[in-house]
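Novice: got a sequence here, can you model it:
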Amino acid sequence: MLPAVAASAAHVRTGYRAAVEAGVAERLSGHGRPRAVVVAGVGASAVGGDMLAAVAGNGAPLPIVRLRSYQLPGWVGATDLVIAVSGSGSAEETLSVATQAVRRGCSLLGVGAPHSPLEAVATQASAPYVAVPVSGESRANLWLLATPLVVAAAGLRLAQADADLFERVAKSLEDMAHRCRPSSESFINPGKSLAMDLAESLPMIWGTSSVTSAAAYRLACQLHTNAKYPAIYGELPEADHNQVVAFDGPMAERDIFADTSGRALRLVVLRDVDEHPQVKRRREASVRLAHDRGVPVTELAAEGVHPLERMATLIGLADYASTYLALGYAIDPTPVSAITELKARISP
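Specialist: Have a look, this model is predicted:
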């Protein structure tokens with residue numbers, strides 16, 4: 001898993017090149033701007049939709065809907081664009097939505113493995129398809145799958161994204177790989193440091209903007225799949241209307257006389273420069289509230305100018321921290337046996 005995470009920068013460059021060679025921007029812009037964009041995917045493949053929405057931001061001139069299910073909403077029709085993303089190209093939920101989109105006459109863009117069932121659906125519909133060289137676990141190929149979506153957003157004039165941006169993102173991920181290399185000691189390795197913070201705690205991970213919320217969700221999912229570790233995902237201001245009450249609950253209590261430190265709540269806040277003023281006030285007040293109740297807090301700040309750059313700094317860190325946490329517990333981060341068993345149980 002560590003070499004796979006270290007390949008993120010190369011994945012950005014490969015994903016961008018594959019999208020350009022597939023003519024994504026030109027083919028989508030030729031149809032005019034759709035009424036809405038629906039991004040269909042599950043698991044790690046769905047995170048690209050969150051990233052696309054964050055890049056487009058609140059100023060997007062059309063709704064961007066993320067769909068993690070089998071059924072295309074009834075309102076989606078011929079004037080809408082459906083982007084189907086599947087690392088394997090065979091996720092049953094995504095194939096179901098892509099097939100429905102073709103039947104309804106929607107515009108379709110597919111992103112996934114070459115020579116896959118999803119590519120067959122796109123080819124039959126004469127729709128663009130970005131074939132990316134996915135290998136290993138889909139979650140380790142996030143940037144291969146997400147980069148073509150941002151290229152598509154640029155083609156639809158939903159975001160500013162060019163070759164220079166993707167190169168900056170790749171360099172940022174390379175820098176993270178260097179700082180988080182296995183030979184780097186824990187006190188200077190941000191991935192190992194975050195893993196040590198999270199160990200023996202129940203992380204409650206909050207985002208404060210669309211950018212950091214996408215990264216917060218990614219961190220929670222990576223903790224689940226890599227470290228087989230529970231985590232709670234939230235987003236401000238919503239988390240201040242429910243999750244904050246956990247600061248007064250049993251998971252926030254600590255017995256200072258106990259021989260060992262039991263698992264207890266830890267608040268992890270992902271900050272952004274693009275926070276609503278009231279969200280910033282809520283974040284600061286929430287952190288003070290946690291400190292007042294003895295709940296430890298980890299704050300991580302997104303770095304960079306463009307939303308995609310800022311997501312890269314946090315997602316890169318999340319991928320390393322979750323892997324190091326798994327290794328700290330002597331867990332192999334690569335297999336997901338529970339998911340494999342579940343799929344076997346529901347297969348016809």
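Novice: tell me who's in contact with A239.
Specialist: Shown in contact with A239 (CB atoms under 8 Å, 6 or more residues apart in numbering): 204, 206, 286. Yep, even glycine has a C-beta here, placed from its N, CA and C like the rest.
Novice: would you say I339 is within a helix?
Specialist: Yes - checked against DSSP: H, G, I helix; E, B strand; the rest coil, I339 lies within a helix.
Novice: and it, how far is that from R139?
Specialist: The spacing between I339 and R139, counted by CB to CB, to the nearest Å, is 11 Å.
Novice: which of the two has more neighbours?
Specialist: Set side by side, I339 and R139 show more neighbours around R139, with 26 against 12, by other CB atoms under 10 Å.
Novice: skipping adjacent residues, who's closest to the more buried one in space?
Specialist: A44 (3.6 Å; CB to CB, 6 or more residues apart in numbering).
Novice: related to what we said a few turns ago, what about the contacts of A239, which are in helices?
Specialist: Applying DSSP state H to the contacts of A239, the entries found in helices are S286.
Novice: re the thing from before, tell me the pLDDT at the residue nearest to R139?
Specialist: For A44, the pLDDT comes out at 91.
Novice: so who does it touch?
Specialist: A44 makes contacts with 87, 137-139, 141-142, 145, 221, 225, as judged by CB under 8 Å, 6+ apart.
Novice: mind picking the two most distant members of those residues?
Specialist: Of all pairs drawn from the contacts of A44, the one with the longest distance (CB to CB) is L145 and T225, at 15.2 Å.
Novice: element containing V76?
Specialist: Using DSSP states H and E, V76 sits in no helix or strand.
Novice: assign the residue lying closest to it once chain neighbours are set aside to helix, strand or coil.
Specialist: Nearest-residue entry for V76: V38, 5.8 Å, with adjacent residues in sequence omitted and distances by CB to CB, 6+ apart. V38 falls in the strand class when you classify it by three-state DSSP.
Novice: buried sites along the biggest helix by length in the chain?
Specialist: Scanning the chain for the helix with the most residues, using DSSP H, yields helix 307-328. For helix 307-328, the neighbour count (16 or more other CB atoms under 10 Å) marks 307-327 as buried.
Novice: and that helix, how far from the chain's centre?
Specialist: 10 Å (CA atoms, centre = their mean, to the nearest Å).
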